[in-house]
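Chemist: Quick one: sequence plus predicted model below, questions after.
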Amino acid sequence: MVKRITIVDYGVGNLRSVANAFAAVGAETQVCGTAAEIARAEALVLPGVGAFGEAMRRLHVRGLREALDERALGAKVPVLGLCLGMQLFATKSFEHGEHAGLGWIPGEVLPLERQHVGWNDVGAETFYFVHGFHFVPADPRHVVATADFDGPVTAIVQKDHIRGMQFHPEKSQRAGLALLKAFAC
């Protein structure tokens with residue numbers, strides 16, 4: 001297993017649920033919100049519940065953006081984004097205006113026809129989703145899996161060591177815990 005997973009506290013997220021889910025699969029975690037702690041991370045998790053623009057603003061205000069870029073792009077530590085955390089990987093979002101993202105996986109976050117709250121199949125498993133926007137990577141090869149919401153919607157993205165899930169594995173029971181355990185290994 002990865003020695004310790006750093007769950008990034010940027011003031012937008014479901015930190016306790018994510019930490020509890022990783023603990024349930026035997027992973028050691030720390031919740032942190034400083035650049036110094038991120039600079040020592042062996043693996044990063046960007047959880048998320050909230051709005052894209054506000055999340056990016058908080059990353060900048062708290063001085064976390066540069067530390068995240070250094071660990072994710074420079075040191076190439078494993079990164080997992082959950083829901084909004086995955087959307088932050090995009091180049092930009094059109095949620096309540098236009099906002100620049102981290103740009104780790106080129107693409108855009110666009111509105112869905114209608115908000116989706118509930119369970120949906122991703123391959124052979126079922127996961128819990130809560131979202132009104134979705135990430136459309138510029139390169140379709142970065143889409144690992146989709147879910148059907150009146151058409152295909154990106155459910156999992158990956159570019160090298162950076163992986164994101166639109167759904168909430170921490171709320172998805174056995175199937176979600178299995179994905180978190182695989183990330184922690």
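Modeler: That came in fine, so what should we check first?

Chemist: CA only for contacts and neighbour counts going forward, please
Modeler: OK.

Chemist: distance between the lengthiest strand in the chain and the chain's centre?
Modeler: For the chain, the strand that runs over the most residues, judged by DSSP state E, is strand 107-122. Strand 107-122 sits 14 Å away from the centroid of its parent chain (Cα atoms, centre = their mean, to the nearest Å).

Chemist: quick one: secondary structure of the one residue sitting closest to the centre of the chain?
Modeler: Closest residue to the average C-alpha location of the chain: residue 81 at 1.6 Å, with Cα atoms, centre = their mean. What DSSP: H, G, I helix; E, B strand; the rest coil gives for residue 81 is strand.

Chemist: pretty sure it contacts residue 46?
Modeler: Yes - if you go by Cα atoms under 8 Å, residue 81 and residue 46 touch, sitting 4.7 Å apart.

Chemist: if I've got this straight, residue 178 is in a helix?
Modeler: Yes - judged by three-state DSSP, residue 178 forms part of a helix.

Chemist: What is the three-state secondary structure of the residue of the chain most remote from its centre?
Modeler: Distance from the C-alpha centroid of the chain, by Cα atoms, centre = their mean, peaks at residue 150 (22.8 Å). Assigned with three-state DSSP, residue 150 falls in the coil class.

Chemist: Now it, what are its backbone angles?
Modeler: phi 60, psi 30 (degrees, to the nearest 10).

Chemist: Kindly provide the distance from it to residue 58.
Modeler: 33 Å (Cα to Cα, to the nearest Å).

Chemist: cool, residue 48 as well?
Modeler: Distance from residue 48 to residue 58, by Cα to Cα: 12 Å.

Chemist: quick one, which of these two is more surrounded?
Modeler: Shown here are residue 48 and residue 58; by other Cα atoms under 10 Å, residue 48 has more neighbours (27 against 17).

Chemist: returning to what we had before: tell me which residues touch the residue nearest to the centre of the chain, please.
Modeler: If a contact means Cα atoms under 8 Å, 6 or more residues apart in numbering, then residue 81 has 45-48, 87-89, 163-165 as its contacts.

Chemist: repeat that with 6 Å
Modeler: 45-47, 164 (Cα atoms under 6 Å, 6 or more residues apart in numbering).

Chemist: per-residue pLDDT, it?
Modeler: In this model, residue 81 is scored at 98, pLDDT.

Chemist: do the one 3 residues further on as well
Modeler: The model reports residue 84 with a pLDDT of 97.

Chemist: got the phi/psi numbers for the nearest residue to it once chain neighbours are set aside?
Modeler: Distances taken as Cα to Cα, 6 or more residues apart in numbering place residue 48 nearest to residue 84, at 4.4 Å, with adjacent residues excluded. When read as degrees, to the nearest 10, the backbone of residue 48 gives phi -170, psi 130.

Chemist: my guess is residue 48 meets residue 13, correct?
Modeler: Yes - using Cα atoms under 6 Å, residue 48 is in contact with residue 13, at 4.2 Å.
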